[in-house]
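Undergrad: Pasting a predicted model and its sequence here:
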Amino acid sequence: MQTPSPNLPPDQQLEMLRRMLTIRRFEERASADYLAGKIYGVVHCYIGEEAVAVGVCSSLGPGDRIISTHRGHGHCIAKGADLNRMMAELYGRQAGYCKGKGGSMHIADFGIGMLGANGIVAGGIAIVTGAGLAAQMEGKGAVAVSFFGDGASNAGPFHECLNIAATWKLPMLYVCENNMYAAQTAAAATHALSDVSARAAGYGIPGVVVDGNDIFAVHQAASRAVDRARSGGGPSLIECKTYRWRAHTERPGQPDSRDPGEVDEWKRRDPIAQLERQLREQGVLDAAAMDSLEREIMAALEAAVAFAEASPFPLPEQATDDVFASTPPSPTSGGGSGTGLTA
Amino acid sequence: MRELTYNEAAVEAVAEEMRRDPKIFYMSTDAIGPLLKEFGAERIRATPITEAALTGMAIGAAGCGFRPIVDWRQVTFCFVAMDQIVNQAAKIHYMFGGQVTFPILYRAAVGGGGRVAAQHSQSPYSMFMNVAGLKMFLPSTPYDMKGLLKTAIRDNNPVISFESSRLMARKGPVPEEDYAIPLGKADIKREGNDVTVVALAWLVHEALAAAEELAREGISVEIIDPRTLVPLDTEAIRSSVQKTGRLVIADEAGPTAGFSAEIAAVATEDPATFARLTAPVKRVCALQVPIPYAPVLENHVFPDRSRIIAGIREVMSPRLSPH
């Protein structure tokens, strides 16, 4: 049973659908281009989990910050990243978000408050908790959101950061995307408790479970947590039960130990189809509007691919750029001549 | 000139920079009393014992415009934060194409001599030198400590301040007026002509004592203190060795893949320097063992002035000359 549509303006509900569908089509294209050899290394798809990123990010403002995981395309698009620069990064081009230094696993856009995808499970949790501390010290009411998986909830930084965020009342949302598997290994075999959210009790903060395929349920839970964080109430843990439709990565031939029946069952709970149905029932969307939305997204993706292909590859010697940032000369530097041994 | 201890010079550097820049804040598992008194608990944060969280939080706060300082206290405590140091702090600027800067200072005491056994007596800086994207230094005097620390706090990158446990209470001249020492600039702690000793931290002082003793025999020792490990002042090292023709490297760490190995490579892979060498390069390092507790054992493991003297005599020996 889907959560009834909240009192969100129809435009905002349609925008949620657009972003979810954009994530899905972007990744379908990324996977195809990966298999065609145009995208290198590794691609992790978020397909099936789109309601989590979009449901949470639609409760945020432009000054709020998020951090992502190795499965990061969805969070980028949900926070408003530019498809052209994303695709160019996947293509390893100069015009990519990271000038071709990062690839699929390391897209960031600090300008929109997207502090990066991260190849280390739980690696981002501490970084974004620092963004929460920054938001608290800035005092402008901004919040920070850590997206992470069920696997990361077993790693030390999860526990360290929940404790420090709860103690300091940092304006944080910890959003666990529980897709039931850490790579190939079932959460049921690695978690003492079936609900990650139950761990919130150990830190004295709210912990809730929501249907991660129900975008309005996610949005409502996130909005409550955002309100609490903005008003100085401290962090919340939101566990979104969801499912990854595809294998851990797009690499062909890798093992997938999951029961095909389980995959099919979750596909019947497609978060995008559920939102589309709700919007049609409300009369906000009809078949023509849906077709037009699909066409717009496909056109945007074609444009993104064209942008990526038109961007040059980095020059080999640019491999040594950006190891260090430059620092303006210090007004008092230069006193380096003394030995410091005798007066 | 007034004198401060090595530790007082560090605290003074932090305090002066914090007065200058309100974006600087400090996280440590214990607050430093005088800093807490002046700047309050908002900027001098006593934290849970969660070095992984602190090390990573500094990265996030830096990416949002702050200039955090994380005091690991003993270097040994930062090993629980290695993901955040190696995978995150060192790489984040590069990996994201230089979008924003990450000005962070990490502080860590290194070295032995305290009779505190293996975990609290380490000098693992070469492990960090091996990771691209981190700057680091290890001062030998209060003057260098203050000047380098101020520069490091103003730097727009993650910088590790390695600080010698043995030198914390050692006094030295520190001017009252504002000054800063650039990173990447070695200091000639003693000029000489016969042999170059490249030494760090406490061993700079041991090398100075060794040089004093050998001067009575007519051996003239030049002592180079690189001060900064990354970026390394290779030019200063090479030009000194080109002058003396002999190189001894004194390091409180073990020799394997260490700072001393890097210095040896800096000298020998440079054709102009290699051509001037008249003896093999000599390393005077700790034994390659965990540091033991009992004084007789610990003293045996670490190099000191007598081993530096023996090393210098070895490279001065005519029988070693390749020519």
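TA: Yep, it's here. All figures in this text were calculated on a predicted structure; none of them were measured in a lab.
Undergrad: burial count for whichever residue of the stretch 151-300 of chain B sits closest to chain A?
TA: Closest residue of the stretch 151-300 of chain B to chain A, Cβ to the nearest Cβ: B:Y179 (3.1 Å). (Glycine included, C-beta is placed from N, CA and C.) B:Y179 has 20 neighbours, counted by other Cβ atoms under 10 Å in any protein chain shown.
Undergrad: same check, this time on the one 5 residues further on
TA: Other residues lying near B:G184 total 20 when counted by other Cβ under 10 Å.
Undergrad: for the closest residue in space to it that isn't next to it in sequence, what are its contacts?
TA: Nearest non-adjacent residue to B:G184, counting by Cβ to Cβ, 6 or more residues apart in numbering or on different chains: B:P231, 4.0 Å away. Shown in contact with B:P231 (Cβ atoms under 8 Å, 6 or more residues apart in numbering or on different chains): B:K135, B:L183, B:G184.
Undergrad: tell me the pLDDT at the second one?
TA: Translated: B:L183. If you check B:L183, the pLDDT there is 98.
Undergrad: wait, it sits on B:F137?
TA: Yes: between B:L183 and B:F137 there is a contact under Cβ atoms under 8 Å: 6.4 Å.
Undergrad: what touches both of those two?
TA: B:L148, B:A152, B:V159, B:T228.
Undergrad: wait, A:D195 sits on A:E239?
TA: Yes: A:D195 lies in contact with A:E239 (Cβ under 8 Å); the separation is 6.2 Å.
Undergrad: more crowded one of these two?
TA: Each of A:D195 and A:E239 had its neighbours counted (other Cβ under 10 Å), and the higher figure belongs to A:E239 (24 against 15).
Undergrad: ok, so of the shared contacts of B:L183 and B:F137, who is nearest B:E235?
TA: Among these, B:T228 lies closest to B:E235 (Cβ to Cβ), at 12.6 Å.
Undergrad: Tell me how many other residues surround the spatially closest residue to that closest one that is not a sequence neighbour.
TA: In this structure, B:T228 finds its nearest non-sequential neighbour in B:F137, 4.3 Å apart by Cβ to Cβ, 6+ apart. If you count neighbours by other Cβ under 10 Å, B:F137 ends up with 26.
Undergrad: What of A:N178?
TA: Counted with other Cβ under 10 Å, A:N178 comes out at 25.
Undergrad: before we move on, back to that, and the shared contacts of B:L183 and B:F137, which are buried?
TA: B:L148, B:A152, B:V159, B:T228 (16 or more other Cβ atoms under 10 Å in any protein chain shown).
Undergrad: all helices for chain A, in order.
TA: A:10-35, A:50-57, A:73-79, A:83-90, A:123-138, A:156-168, A:215-230, A:260-267, A:271-281, A:287-310 (DSSP state H).
Undergrad: Using JSON lines, lay out those together with mean neighbour count and mean pLDDT.
TA: What follows is these, written out as JSON lines (neighbours: other Cβ atoms under 10 Å in any protein chain shown; pLDDT from 0 to 100):
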{"stretch": "helix A:10-35", "mean neighbour count": "19", "mean pLDDT": "97"}
{"stretch": "helix A:50-57", "mean neighbour count": "30", "mean pLDDT": "98"}
{"stretch": "helix A:73-79", "mean neighbour count": "28", "mean pLDDT": "98"}
{"stretch": "helix A:83-90", "mean neighbour count": "25", "mean pLDDT": "98"}
{"stretch": "helix A:123-138", "mean neighbour count": "27", "mean pLDDT": "98"}
{"stretch": "helix A:156-168", "mean neighbour count": "22", "mean pLDDT": "98"}
{"stretch": "helix A:215-230", "mean neighbour count": "22", "mean pLDDT": "98"}
{"stretch": "helix A:260-267", "mean neighbour count": "12", "mean pLDDT": "97"}
{"stretch": "helix A:271-281", "mean neighbour count": "18", "mean pLDDT": "97"}
{"stretch": "helix A:287-310", "mean neighbour count": "14", "mean pLDDT": "98"}
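Undergrad: which one of those helices lies closest to chain B?
TA: Nearest of the helices of chain A (Cβ to the nearest Cβ): helix A:123-138, 2.5 Å.
Undergrad: Check which helices and strands that closest one sits against.
TA: strand A:65-67, strand A:144-149, helix A:156-168, strand A:172-178, helix B:51-63 (3 or more Cβ pairs under 8 Å, 6 or more residues apart in numbering or on different chains; DSSP states H and E).
Undergrad: okay if I get these as CSV plus distance to A:R199?
TA: Below are the helices and strands packed on helix A:123-138 laid out as CSV (distance: least, Cβ to Cβ, whole Å):
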stretch, distance to A:R199
strand A:65-67, 19
strand A:144-149, 13
helix A:156-168, 7
strand A:172-178, 9
helix B:51-63, 16
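Undergrad: A:H73 is nearest to which of the ones you listed?
TA: Using Cβ to Cβ, the helices and strands packed on helix A:123-138 put strand A:144-149 closest to A:H73, at 11.9 Å.
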